[in-house]
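Trainee: Sequence plus predicted model, see below.
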Amino acid sequence: MTAPTSPFLTFDTHIDIPWPDQADMMALQTPRKVDYHKSRKGGLTTLCLAAYIPQGPITEAGHAEAFERARAMLTSITELEKRSTPETPLSICRTAESIIEARKSNALAIVPVIENGYALGTNVENVGFFARNFGIRYITLTHNGHNAIADAAIAREDLGDTDSRHGGLSSLGREMIQAMNDHGVLIDVSHAARSTMMQAAEASSTPIVASHSCARALCDHPRNLDDEQLLKLRDTGGVIQITAMGSFLRKGGGGTLEDLVSHVRYVADKIGVSHVGVSSDFDGGGGIEGWNDASQTAHVTHALQRAGFHGDELNAVWGGNMLRLLHTAETKAQSFVPHAS
C-alpha cells in the first residue's frame with residue numbers, strides 16, 4: 001500500500017476534552033478552547049481528541065477506574081459523529097485515508113487517542129480493546145507520575161514516586177509497545193522520562209511520536225526533548241509536535257506564537273522538517289499569545305510562513321508528517337482494524 005497523498009491539513013495532534021462536565025462541542029458558543037465552530041473559524045481541519053486519564057494508585061482498583069474512565073471518554077468522543085449534519089459535517093477518523101477523505105468532503109476530522117497508559121492497567125489485551133472498539137491511534141505512555149508500564153518525566157511524590165520506578169520501561173511496558181505496534185497504535189512519548197523515551201524508540205518497530213512537547217535546548221523543562229532524544233526520534237522516523245504550552249516554550253512561562261515557531265525551526269534545522277509538527281494542548285493547559293484557542297489557528301499558518309515554511313514544508317509541519325506516521329503504523333500492524341467493531 002502506497003502512502004496517501006496529503007492535501008493541506010491543519011492537524012492539531014493533542015487536545016483534551018473537559019471531563020466530566022464537558023461543554024457541548026457542537027454548540028455555537030462554549031467555554032472550550034476547541035469546539036466545532038472555533039475549529040471552523042480558525043481553519044483547523046483535523047484534531048486528536050484525547051481521553052486524558054490522571055495518574056492514580058497502581059492498584060487493581062485504580063486500574064479498573066482508569067479503564068472505565070477511558071471507555072466513557074472515548075464513547076463520548078466517538079459518538080460525536082452522530083451529531084454530524086450537512087451543515088456541520090464531522091467524521092471520526094481511524095485511518096490516514098479517512099482523514100484525507102474527511103478533508104475532501106469538508107468534514108472536521110477527529111482522531112481518538114488516549115493520554116496515559118494507566119488506562120491499560122496490567123492487561124495487554126486492553127490495547128486491542130481500545131483499538132478495535134474506538135479506533136484509537138496513539139497512547140501516551142505516561143502522564144505526570146510513574147505507572148505500571150513506564151517512568152514519567154515528572155514523578156508524583158503524593159503517589160509515593162521516587163525518581164524512577166522501572167529505570168524506563170517495565171517488562172510489561174515492552175509488551176504494551178509490541179501490542180501497540182500490532183494494532184497500529186502509535187507510541188506517544190510526551191510525558192515520558194528520558195530513559196522511557198529512549199528505550200521506547202528502541203523497542204518500537206514503528207516510528208514514535210511526541211504529541212505535545214518542545215525542544216529542551218530552547219527551554220530546559222523535563223517535559224521537553226533534548227538534542228540526543230531528537231536524534232533518536234529522527235532515527236525511528238518519528239515526529240515531535242511542538243506544543244503551545246508557555247512553560248515548555250520559554251523558561252518561566254509566557255510563551256508566544258513566535259516562541260512556538262522558534263522551536264519548530266530549531267527542530268527542523270536539527271533533525272529535518274520531516275520530523276516536526278505542531279499541537280496546542282488546548283483544554284489541557286495549552287494556549288499562548290497569538291494562539292489561544294482554535295479560532296486563531298490561521299495565525300499559526302501565517303507565523304510558519306513568516307519563518308520560511310512554504311509549500312511542501314508547510315504541509316509537512318502542519319499535518320503531512322503526522323499523517324505519514326499514522327499510515328506507517330497501519331501498514332506495519334499485524335492486527336489493524338480500520339473500523340470499530
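Mentor: In hand now; what should we look at?
Trainee: how about Ile187, secondary structure?
Mentor: strand (DSSP: H, G, I helix; E, B strand; the rest coil).
Trainee: Next, the contact list for it, please.
Mentor: Shown in contact with Ile187 (C-beta atoms under 8 Å, 6 or more residues apart in numbering): 138-139, 141, 177, 180-181, 200, 204, 206, 208-209. Quick note: C-beta positions are derived from backbone N, CA and C, even for glycine.
Trainee: confidence score at it?
Mentor: With respect to pLDDT, Ile187 scores 98.
Trainee: Helix, strand, or coil at the most centrally placed residue in the chain?
Mentor: In the chain, the centroid-proximal residue (C-alpha atoms, centre = their mean) is Ser211; its distance is 3.6 Å. Of the three states, Ser211 takes strand under three-state DSSP.
Trainee: Quick check: it vs Arg83, distance?
Mentor: 25 Å (C-beta to C-beta, to the nearest Å).
Trainee: got it, and Val189?
Mentor: Taking C-beta to C-beta, one finds Val189 at 33 Å from Arg83.
Trainee: higher neighbour count, the two?
Mentor: Per other C-beta atoms under 10 Å, whichever of Val189 and Arg83 has more neighbours is Val189, with 33 against 12.
Trainee: That one contacts Ser204, doesn't it?
Mentor: No. Counting by C-beta atoms under 8 Å, Val189 does not reach Ser204; the two are 9.4 Å apart.
Trainee: sorry, back to before: what about the contacts of Ile187, which are in helices?
Mentor: Among the contacts of Ile187, the members found in helices (DSSP state H) are 177, 180-181, 200.
Trainee: Out of these, grab the one that's most surrounded.
Mentor: So for those (other C-beta under 10 Å), the most neighbours sit at Met180, 29 neighbours.
Trainee: Would you agree that residue is in contact with Val189?
Mentor: No. Assessed by C-beta under 8 Å, Met180 is found out of contact with Val189, at 11.9 Å.
Trainee: Can you show me the strands along the protein?
Mentor: 11-16, 46-52, 90-92, 108-115, 138-140, 186-188, 209-213, 239-243, 276-279 (DSSP state E).
Trainee: longest single helix anywhere in the protein?
Mentor: Max-length helix for the chain by DSSP H is helix 60-78.
Trainee: That one packs against which elements?
Mentor: strand 46-52, strand 108-115, helix 125-134 (3 or more C-beta pairs under 8 Å, 6 or more residues apart in numbering; DSSP states H and E).
Trainee: List just the one of these that sits closest to Leu326.
Mentor: Among these, the nearest to Leu326 by C-beta to C-beta is strand 108-115 (7.9 Å).
Trainee: Show me what that closest one is packed against.
Mentor: strand 11-16, helix 36-42, strand 46-52, helix 60-78, strand 90-92, helix 96-104, strand 138-140.
Trainee: Contact partners for Lys270?
Mentor: Neighbouring residues of Lys270 by C-beta under 8 Å, 6+ apart: 215, 217, 227, 230-231.
Trainee: now do 10 Å
Mentor: 215, 217, 227, 230-231, 234, 276 (C-beta atoms under 10 Å, 6 or more residues apart in numbering).
Trainee: Which among these count as buried?
Mentor: 215, 230, 234, 276 (16 or more other C-beta atoms under 10 Å).
Trainee: Contact partners for the first one?
Mentor: To tie it back to what came earlier, the one meant is Ala215. With C-beta under 10 Å, 6+ apart, Ala215 has these contacts: 221, 224-227, 229-230, 240, 242, 248-249, 262-267, 270, 276.
Trainee: Who is it paired with across the strands?
Mentor: Leu225 (DSSP bridges).
Trainee: can you redo the helices and strands packed on strand 108-115 as CSV with mean neighbour count?
Mentor: Formatted as CSV, the helices and strands packed on strand 108-115 follow (neighbours: other C-beta atoms under 10 Å):
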stretch, mean neighbour count
strand 11-16, 29
helix 36-42, 19
strand 46-52, 26
helix 60-78, 18
strand 90-92, 21
helix 96-104, 20
strand 138-140, 29
